[in-house]
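Student: What shape does this take:
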Amino acid sequence: MGVRRGGGGAGAAGGRLAGGHDRGAGPPGADPAVPRLDPGRVHLPHRRSGGRARLRLARHRPLRRGGRDGRALPLPRRLGRRRAAAGGGRGHGARAERGRPGRGRVRHLADGPRPARSAGGVGRRGRVPGSAHPAGGVPAGAPGTRERARPGAERAVRPVRPADRPARRGRRAGAVADTHRPVHRGDRDAGASGGGRRRGGRPAGGDGPQGGGVSEDAFLYEVAPHHDTRGPAAQHGIGRWRAARYLLLAVLLAAGVLLAPLAATVLISLSDGLGHYRVLADPDVLRALGNSLVWLGLAVLVCAAGFGLAWLARDVGPRLGGVLRVVLVLPAVVSPLTTGAIFRLLFDTNPQRGAVNAVLAAFGADVAFLGLGWIWLVLGLAFLWQWSGVAFLVFHEALARMPASLLRMAQAFGLERRRQIWSIVLPSLAGAASLAYLLAVVAAARVFDLVLMGAPGSMQPWVEPGGQFWWRHHSDLGTGPAAALAVLLSVLVGLLALPALAGLRRQVTWPEQRAAPHGRRSRRRLLMGPLAALWLLPFVVLVLTSLRAPETAAVSGWWHIQADLRSYGDALADSGFTGALLTTLVRTVVVVALVLLAAVPAAYVLAQEHLVPRRAWHPVLLVAVALAALPPQAFAVPLQESLSRLVGSTLALVTVHAALVIPLAVLVLHRGFARVRAPVMARHRWALVHAVREGSPSVVLAGVLAFVLVWNDTLVGLLLNWPAGDHLPLILLEQNRHFMSTAGTLAAQSVIATAVPVALVIVTRRLLYRGLTGGVRA
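Tutor: The predicted structure follows:
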């Protein structure tokens, strides 16, 4: 069956097409050699859509007002006024109106002709009576026809969009996806031979092969309908009132703990106009802000290091790749206090205690790594070691799932390796890079305890960020200037966190099929093996230092192995340490439960496109990113005044910790819930349960992030003047007063404190890996 482009008739392939009629069967008066039109399933696209119009078959959707599936429905009034001409011109069994493809409305004359407007000739868009149409028009009064009570009334089906154009409001369950393929070359040639062509590429008018009717000599396309068994793209979601209830807890915590104190800080800074912002004239303030800029710049180096490690490990094999994923991610769960203590032991200026200086002393060199200038190298390496593993994990999975055809095509065109990375790899990794960058910015904005433990007291003013400077001198600066400094610090962090929006605004879905390995594994295995051993060196330093007697660890290096458990005995004999260990564990579990209770429903609501459209999601995403990277100094003073009566109670610290983690948890959970496929038949009350079950890797990731951030947090306790004996990180910070004499005991307490989050990560490593990369179950 061929269909010529133009205003002529149309036909559908025979057989029972998607529940249609038998081939060749038609109403009385129809030509039995021509297949009958299947009303309700035929759609002709725009007449300028190609050399010939193609038939689009799809299960028709009923209109909203009346009618059941498969029943013809009335056309709009403006189409009902049009009449068919009495004679001549081009056939018009079913036509698409002029306009964009897929926007036309289809009319069918299978039920009978309409009253003619005039008996004369036809104009530019001529019609023929339905009885003259080869597709099976029915003359008036024939059996089976129904007379219209109103002149000009007609029946038609709802238009169906072309198959190559997606529906605007999503698919419906049970829709039919059609495939059109040419039968063979002879049929195409036969279909193309009939009829002349008019000016502008249009075929000549008329019926049959010579006009715009049905071609009888050849079939142009074979129509094979296939049922679409996928879930609906736009399902019935929750209502707005239920969504408001889901958002209530997260909004209350974020507004009450973060936004309201932040607004109070801004108002305090503007109480004297811009006079309080003259604090920028202080050179110490400028140096602190410059140090904050350097720390935030290290977030870019973290992403670059993670990408470099992932590029080197992209084809090392499954076993070594699994080892690298565990080894490189473990530093992220270590407390920054512990990280600072480890690197301070490694780079001690005394060659008898510092391993690096001991190696350099063998070559006659002596470098004061803990002195001015070199201290930036020590702290920068500590920061990179702790957070590069998270970026590596995200980039490693993204590179593994990148389509290998892109790189092969680039190599075929002769692009250099640098150009391949810049033009193909980096644009494909925008979503992964945004997530890694956001996590690194959050870590850099809250750098506090790493400097407190890793740098000697005399060197801290030269490397401390603006947040730490504010903590030391906010009483000396005064209320107004301190508030102005906090606002400036928040603006600086917010501006540097904005690039993360570029990739988080779009949903990047990696294919499930992993890219094939490149084949050269031997060199990278030889390189990544020693790198993994080097990454484990700080853990070895910590463990070996804890296995030495306290007096021996104070005067000699960790490589002098003398097994002794007295440091662990001293650590466990401290009732303050054991009490804080249990109290912090209980508090952290409560915070994780509160974070998930507030963030899971909020992320589920934000993933509903019918509630939060894409244009409204951008401001929501901006607020979530800003709150996730917000320095606690921006709201510390108003919050401390409001919680002055609750200092020492578990409820106050739990609420503040939960409010700080909820924005980041919402971002992580939304990234997973947006990829959950909705079931075909989903009830409202179980839709959230289905999303949690399918997005369980994202839920586990959010819970582990909350646990690690609260377990290792020192800043919130110090800003709220929390009792030192009630929080584990504050117990470790007290050992910094006599660092060298208490190195063994500090190492033993750090090992015990680190064992809890490390064990949690090892147990949930598979779900964490899936949550960071895909967000949903495999």
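
Student: so where does the closest residue to residue 278 other than its chain neighbours fall, helix or strand?
Tutor: The spatially closest residue to residue 278, leaving aside those adjacent along the chain, is residue 481, at 7.7 Å (C-beta to C-beta, 6 or more residues apart in numbering). No exception for glycine: its C-beta is placed from N, CA and C like everyone else's. Taking DSSP states H and E as the criterion, the element that holds residue 481 is helix 479-497.

Student: How about residue 315?
Tutor: According to DSSP H and E, residue 315 maps onto no helix or strand at all.

Student: Kindly tell me how buried it is, as a neighbour count.
Tutor: Counted with other C-beta atoms under 10 Å, the neighbours of residue 315 add up to 18.

Student: now it: how far from residue 527?
Tutor: 12 Å (C-beta to C-beta, to the nearest Å).

Student: Kindly report the same for residue 726.
Tutor: Remark: distance between residue 726 and residue 527 (C-beta to C-beta) = 46 Å.

Student: quick one: which of these two has more around it?
Tutor: Set side by side, residue 726 and residue 527 show unequal neighbour counts under other C-beta under 10 Å, the larger going to residue 726 at 18 against 12.

Student: Unless I misread the structure, residue 676 falls within a helix.
Tutor: No - with DSSP: H, G, I helix; E, B strand; the rest coil as the criterion, residue 676 is coil rather than part of a helix.

Student: Adjust the sequence numbering to begin at 392 for everything that follows.
Tutor: Noted, 392 is the first residue going forward, which turns the last one into residue 1067.

Student: which phi and psi does it have?
Tutor: Recorded main-chain torsions at residue 1067 are phi -80, psi 130, according to degrees, to the nearest 10.

Student: List the buried residues in stretch 1117-1127.
Tutor: Taking 16 or more other C-beta atoms under 10 Å as the neighbour-count basis, stretch 1117-1127 is seen to contain the buried residues 1117-1124, 1126-1127.

Student: Give me the contacts around it.
Tutor: Surrounding stretch 1117-1127, the residues in contact under the criterion C-beta atoms under 8 Å, 6 or more residues apart in numbering are 726, 728-729, 840, 843-844, 965, 967-968, 971-972, 974-975, 1039, 1044, 1102-1105, 1108-1109, 1113, 1115-1116, 1133, 1136-1137, 1140-1141, 1144.

Student: Narrow these to those that are buried.
Tutor: Neighbour counting by 16+ other C-beta under 10 Å classes 726, 728-729, 840, 843-844, 968, 971-972, 975, 1044, 1102-1105, 1108-1109, 1113, 1133, 1136-1137, 1140-1141, 1144 among the contacts of stretch 1117-1127 as buried.

Student: Please flag which of those sit within helices.
Tutor: Among the buried ones among the contacts of stretch 1117-1127, the members found in helices (DSSP state H) are 728-729, 840, 843-844, 968, 971-972, 975, 1044, 1102, 1108-1109, 1136-1137, 1140-1141, 1144.

Student: Low-confidence regions, this structure specifically.
Tutor: Counting by pLDDT under 70, the chain contains low-confidence ranges at 392-629, 893-915, 1000-1001, 1003-1008, 1038-1039, 1069-1076, 1112-1116, 1164-1169.

Student: quick check: domain ranges of it?
Tutor: For the chain, the structural domains run 392-625, 631-1164, going by automatic domain parsing.

Student: From the contact counts, what lies against the host helix or strand of residue 732?
Tutor: When secondary structure is defined by DSSP H and E, residue 732 falls within helix 727-737. Under the contact criterion of 3 or more C-beta pairs under 8 Å, 6 or more residues apart in numbering; DSSP states H and E, helix 727-737 touches helix 746-752, helix 765-791, helix 840-845, helix 913-937, helix 1119-1125, helix 1134-1154.

Student: List the buried residues of the helix or strand that the shortest one is followed by.
Tutor: Spelled out, that is helix 840-845. The helix or strand immediately downstream of helix 840-845 is helix 851-854, counting by DSSP H and E. Taking 16+ other C-beta under 10 Å as the basis for neighbour counts, the residues of helix 851-854 that come out buried are 851, 854.

Student: What of stretch 1143-1158?
Tutor: Buried-residue list, stretch 1143-1158, by 16+ other C-beta under 10 Å: 1143-1145, 1147-1149, 1151-1152, 1155-1156, 1158.

Student: now those as TSV including distance to residue 790?
Tutor: Listed next are the buried residues of stretch 1143-1158 as TSV, based on distance: C-beta to C-beta, whole Å:
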residue	distance to residue 790
1143	37
1144	34
1145	30
1147	32
1148	27
1149	26
1151	27
1152	22
1155	23
1156	19
1158	21
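
Student: Looking at those residues, which is nearest residue 1050?
Tutor: If you rank the buried residues of stretch 1143-1158 by distance to residue 1050 using C-beta to C-beta, residue 1148 comes first, at 21.3 Å.

Student: what sits against the nearest residue to that closest one once chain neighbours are set aside?
Tutor: Counting by C-beta to C-beta, 6+ apart, the nearest residue to residue 1148 once its immediate chain neighbours are dropped is residue 724, at 4.0 Å. With contact set as C-beta under 8 Å, 6+ apart, residue 724 has these partners: 1099, 1103, 1145, 1148-1149, 1151-1152.

Student: Dump the residues you listed to JSON lines, plus distance to residue 825.
Tutor: JSON lines is the format used below for those (distance: C-beta to C-beta, whole Å):
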{"residue": "1099", "distance to residue 825": "21"}
{"residue": "1103", "distance to residue 825": "24"}
{"residue": "1145", "distance to residue 825": "29"}
{"residue": "1148", "distance to residue 825": "25"}
{"residue": "1149", "distance to residue 825": "27"}
{"residue": "1151", "distance to residue 825": "26"}
{"residue": "1152", "distance to residue 825": "23"}
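
Student: tell me which residues in the helix or strand harbouring residue 715 are buried?
Tutor: Per DSSP H and E, residue 715 falls inside helix 709-720. Under the neighbour-count criterion of 16+ other C-beta under 10 Å, helix 709-720 has 711, 714-720 buried.

Student: try stretch 1048-1068
Tutor: Residues of stretch 1048-1068 classed as buried under the neighbour-count rule (16+ other C-beta under 10 Å) are 1048-1067.

Student: do stretch 731-748 as well
Tutor: Buried residues in stretch 731-748, counting neighbours by 16+ other C-beta under 10 Å, are found at 731-740, 742, 744-748.
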